[in-house]
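Pasting the sequence and the predicted model now:
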Amino acid sequence: MSAPVVHVTLTDTPRRARELMLALGLRHLAVVDPDTGVAVGVLRDRELADARALRHMGCGPRTVTELVRRCAPIVRPEVDALTAVEYMLDAEVDALIVGDRTRIPLGIVTGHDLARVLTRIHHDPMAGP
């Protein structure tokens, strides 16, 4: 899991999200409600790339609201790696928000993070996640 979580709000611009991703070398950002701080979804670099292409045609999105994937599940920190993989496969996403019981984001776990854990377990079954 990447923590502390880096996030944008629904009202942020795609430009701000892109700048944050580039500055920090990230491919995913948590998206939160600006009033409550509650996680509402994940924004991927791919959505920003699509938005940038649309902007060049003069019809790009103005806020993150228009881009966010709201279907990404939010999991609790105690969820094990295999369960996280199942959530990702079921939801057809490549990142999950890790949140507390009130849906405040604590971090993001990506397919890359899970591949690293599963590879470590494969090489040393006693290592655990």
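Thanks, I have the structure now. Numbers count the residues shown, from 1 in each chain.

contacting residues around residue 63?
10, 11, 12, 13, 14 (C-beta atoms under 8 Å, 6 or more residues apart in numbering). Any C-beta I mention is one placed from the backbone N, CA and C, and that applies to glycine too.

Following the lowest-mean-pLDDT helix or strand in the chain in sequence, what is the next regular element?
Within the chain, no helix or strand scores below helix 45-56, which has a mean of 69 by mean pLDDT, DSSP states H and E. Next helix or strand after helix 45-56 toward the C-terminus (DSSP states H and E): strand 74-75.

and the nearest residue to residue 7 once chain neighbours are set aside, helix, strand or coil?
Counting by C-beta to C-beta, 6 or more residues apart in numbering, residue 30 is the residue found nearest to residue 7 once chain neighbours are left out, at 4.1 Å. Going by DSSP: H, G, I helix; E, B strand; the rest coil, the secondary structure assigned to residue 30 is strand.

pretty sure residue 30 contacts residue 42?
Yes. Applying C-beta atoms under 8 Å, one finds residue 30 in contact with residue 42, separated by 6.4 Å.

list residues touching both of the two?
Common neighbours of residue 30 and residue 42, counting by C-beta under 8 Å, 6+ apart, are 97, 108.
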